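J.: Here is my input, please return the structure:
(chains A and B)
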Number of protein chains: 2
Amino acid sequence: MTLFRKSVEAMVGYVPGEQPKAGTKIIKLNTNENPYPPSPAVLPAIQAELQHGAERLRLYSDPGATALREAASELTGVPANQVLHGNGSDELLALLFRAFLEPGESIAYPYPTYVLYRTLAAAAGAGVQTFDFDTDFNLPQGLFGCDAKLVFVATPNSPSGTQHSTDKLRELARSLKRGVLVVDEAYAAFSPTNALELATSEPNVVVLRTFSKSHSLAGMRLGLAFASPDIIAGLGKVKDSYNLDRLAIVAGAASLKDTAWTQQNVAKVVKTRERLISGLRSLGYEVLPSSANFVFARAPIPGGGKSRVELARGAFEHLKAHGILVRYFAERLLDDGLRITVGTDDEIESLLSCLKDYAG
Amino acid sequence: MTLFRKSVEAMVGYVPGEQPKAGTKIIKLNTNENPYPPSPAVLPAIQAELQHGAERLRLYSDPGATALREAASELTGVPANQVLHGNGSDELLALLFRAFLEPGESIAYPYPTYVLYRTLAAAAGAGVQTFDFDTDFNLPQGLFGCDAKLVFVATPNSPSGTQHSTDKLRELARSLKRGVLVVDEAYAAFSPTNALELATSEPNVVVLRTFSKSHSLAGMRLGLAFASPDIIAGLGKVKDSYNLDRLAIVAGAASLKDTAWTQQNVAKVVKTRERLISGLRSLGYEVLPSSANFVFARAPIPGGGKSRVELARGAFEHLKAHGILVRYFAERLLDDGLRITVGTDDEIESLLSCLKDYAG
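T.: Numbering: from 1, shown residues only, chains lettered A, B, ... in the order given. As a prediction, the model looks like this:
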């Protein structure tokens, strides 16, 4: 007899993208990390917190992560009481389930999208309503007016890289009967637009940001939620008190203040992304327009005996055999393509050259 | 109309002990931190992870925190697949709720104990069975054979500092009809004994440890759970993938390996604790025996017009006015005493001298 909840017993845990061992010579284009280092302001901020033999680490961190939230407020113009800090946006997503979802209530999201929404729903034993994207990845009509308690929309969406307009998202938020719209903007920095204004204008919208992509701090686990003061206060009640450690707080605050560095890195990634897209297209791949730091590329329409799915999987294995990790999803609507993180120009060159060698 | 769960709307968030602003001159004896710095091995371990301008922080941390879990396994002899890492033991406590508690199920714990169990139950909308300790803080009989899904026992207990025998805890675990016994050993390092063996011998026991007390790493947010391979695997399914950042993992591993440092600090704290206890007793305080890095001291039996509760609260305010923070709980069975963290000898000297001046 298991002691676990039925939902937990039945579920499969989230499987994160492969993490090669330290020291392995790998081109890692599988988990949408930033190829460039974090802001040069991060290291001195951490060092300052480590003074006197790291003596300060014996004391608890600030439960309110004030330095981080105030930096976020200064940068965005959103008042600090409308900002909450998370141990990665993953923790904030889990928090939303704990705060809003009564037993028996359901969540909704378009398909395909970030797999974690499904994993969290499975763990919580929540009902799930999914609505397939059309081929252009427009917001599915079924989401509008649905009765889910939490509606998750990633924009730019993973793994497609496509983005939704703020007007459309506002319309979705207002259409919900009794639900909260969670706008997951993990990749928004790589797009010219974002929907942050909805966090202050709509009472039922939560906008999430992460430091793992544009801030090159995936290893420090930092995320932010923006929403109405009421929502932020309620989420704060269910959050672990000391959810961020001392070094994460100062690293995040320092990175937020160095906007020049972030913008410069983002510009480099966007430039390489366009190069990657045209390179893939010239190899016959069908690439969706991307507003993120990755692209989704469908395998070329096959001439020989192999299907597109076989070609995509084959290309994934071929790359892996040559030390290049990309992401392959063995799932409906995704199994004929690859999600490829935008690396450095050199890394993308190696990828394209390796793909060119792959006969299929 | 609120969008939050009813339980979340109704609850009051956990109120952590006061955190004075950096730079404030305060003797901080209110949140059971260690007065001594972390192991000298911690700083170089963090520095190594920050090489090359902190370049490595752009990459996700190890979801399995292998370095940390293997160090814990080496130190304790518990196999690594029976160890799970948490963002503080607070995260592990929240995880236990998510993993084990079906809607409608309840938890149980003795009273008074760590307040977070109650807060987490309130957030989850879980039923709560509490059983009062007797004056000697023996395990209440009502816990034995109860039908709660999760039973929480802190040992040494906070805020009393008292400890339960491993035999009694084993008996409790075996008496549970369908429940998991969570043995919260945050303070076990300050006692000559602990109940870790139950994690490997009993299929329904989870033992929790923290780095916030004996390892002087409260600011790094690190905790460990020890249990059967089945329980650890199930908890791993509901855990956030990357719940520890890169610096926390290496800091924790380095600290675990430096057993000499930890033991030496613990010995100093235990010595000062005994000094604190006799000092408080000579001032007329009634002090419970303590196996932790804090003591619970009931105010002297009053001679004048004031009650014990008034004296305790008055002493708390008097200390605070003189820059000494201790913990006062305005709760049943606790409101006539103070919980005082064991600081350095000098800090304890100041505390005792300040208490001596307090006329009441």
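J.: So which bits of the host helix or strand of A:D346 are buried?
T.: In the assignment (DSSP states H and E), A:D346 maps to helix A:345-357. By 16 or more other Cβ atoms under 10 Å in any protein chain shown, the buried positions in helix A:345-357 come out as A:347-348, A:350-352, A:354-355. All C-beta spots, glycine's among them, are computed from the backbone N, C-alpha and C.
J.: do stretch A:101-115 as well
T.: Buried-residue list, stretch A:101-115, by 16+ other Cβ under 10 Å: A:101, A:105-114.
J.: Tell me where the stretch 1-150 of chain A has strands.
T.: Listed in chain order, the strands of the stretch 1-150 of chain A (DSSP state E, counting those that start in this stretch) span A:27-28, A:83-86, A:106-111, A:127-132, A:150-154.
J.: and what of the stretch 201-350 of chain A?
T.: Per DSSP E, counting those that start in this stretch, the stretch 201-350 of chain A has strands spanning A:205-210, A:223-226, A:286-287, A:294-298, A:324-325, A:337-341. These are given in chain order.
J.: Dump the ones you listed into a markdown table; add distance to A:A248 and mean pLDDT as well.
T.: Converted to a markdown table, the strands of the stretch 201-350 of chain A look like this (distance: least, Cβ to Cβ, whole Å; pLDDT from 0 to 100):
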| stretch | distance to A:A248 | mean pLDDT |
| --- | --- | --- |
| strand A:205-210 | 13 | 98 |
| strand A:223-226 | 10 | 98 |
| strand A:286-287 | 35 | 96 |
| strand A:294-298 | 24 | 97 |
| strand A:324-325 | 26 | 96 |
| strand A:337-341 | 23 | 98 |
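J.: picking that back up, for the buried residues of helix A:345-357, work out which two are farthest apart.
T.: Checked with Cβ to Cβ, the buried residues of helix A:345-357 reach their widest spread between A:E347 and A:L355, with 12.6 Å between them.
J.: which ones among the buried residues of stretch A:101-115 come in contact with chain B?
T.: Near chain B, judged by Cβ under 8 Å from any Cβ of the partner chain, the entries from those are A:L101.
J.: Chain B contacts on the stretch 201-350 of chain A?
T.: That would be A:204, A:212, A:216-221, A:230-231, A:234, A:236-238, A:240-248, A:251, which are the residues of the stretch 201-350 of chain A within reach of chain B (Cβ under 8 Å from any Cβ).
J.: cutoff 10 Å now
T.: A:203-204, A:211-213, A:215-222, A:228, A:230-231, A:233-249, A:251, A:255, A:265 (Cβ under 10 Å from any Cβ of the partner chain).
J.: Selecting buried members of those residues in ChimeraX, what would you type?
T.: In ChimeraX syntax, the buried subset of these is picked out as below (16+ other Cβ under 10 Å):
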select /A:204,211,212,213,215,216,217,218,219,220,221,222,228,231,234,235,236,237,238,239,240,241,242,243,244,245,246,247,248,249,251,255,265
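J.: What about the residues of the stretch 201-350 of chain A next to chain B, which are in helices?
T.: In this view, these that belong to helices under DSSP state H are A:230-231, A:233-238, A:246-249, A:251, A:255, A:265.
J.: So which of these is the closest to B:A292?
T.: A:R246 (23.6 Å).
J.: Report whether the expected contact of A:K356 with A:L283 is present.
T.: Yes. Assessed by Cβ atoms under 10 Å, A:K356 is found in contact with A:L283 at 6.2 Å.
J.: shaky segments in chain A?
T.: With pLDDT under 70 as the threshold, chain A has low-confidence stretches at A:1, A:22, A:360.
J.: what's the domain layout of it?
T.: Dividing chain A into domains by automatic domain parsing, as the record does, gives the ranges A:15-37+A:260-359, A:42-257.
J.: Single out the most deeply packed of these.
T.: Counting by mean count of other Cβ atoms under 10 Å in any protein chain shown, domain A:42-257 has the highest mean neighbour count of the domains of chain A, with a mean of 21.
J.: Run the chain-centre distance for that one.
T.: Domain A:42-257 sits 9 Å away from the centroid of its parent chain (Cα atoms, centre = their mean, to the nearest Å).
J.: Which two among the buried residues of stretch A:101-115 are spaced furthest apart?
T.: Checked with Cβ to Cβ, the buried residues of stretch A:101-115 reach their widest spread between A:E105 and A:P112, with 23.0 Å between them.
J.: Please list all residues in contact with A:V78.
T.: A:69, A:72, A:196-197, A:199-200, A:207, A:224, A:226-227 (Cβ atoms under 10 Å, 6 or more residues apart in numbering or on different chains).
J.: ok, 7 Å please
T.: In this structure, A:V78 makes contact with A:199-200, A:226, judged by Cβ atoms under 7 Å, 6 or more residues apart in numbering or on different chains.
J.: Next: A:N293.
T.: Contacts of A:N293 by Cβ under 7 Å, 6+ apart are A:32, A:34, A:187, A:190, A:213, A:269, A:273, A:341-342.
J.: Show me which of the residues you listed is closest to chain B.
T.: Taking Cβ to the nearest Cβ as the measure, A:N34 is the one of the contacts of A:N293 closest to chain B, at 5.2 Å.
J.: In space, what's closest to that closest one - neighbours in sequence excluded?
T.: A:S216 (4.0 Å; Cβ to Cβ, 6 or more residues apart in numbering or on different chains).
J.: just A:T66 next, same as before
T.: The shortest distance from A:T66 to any residue other than its chain neighbours is 7.8 Å, reached at A:A80 (Cβ to Cβ, 6+ apart).
J.: what does A:I348 give?
T.: Closest residue to A:I348 apart from its sequence neighbours, by Cβ to Cβ, 6+ apart: A:L276 at 4.9 Å.
J.: Would you agree the one you found is in contact with A:V295?
T.: Yes. The pair A:L276 and A:V295 passes the contact test of Cβ atoms under 7 Å, sitting 6.0 Å apart.
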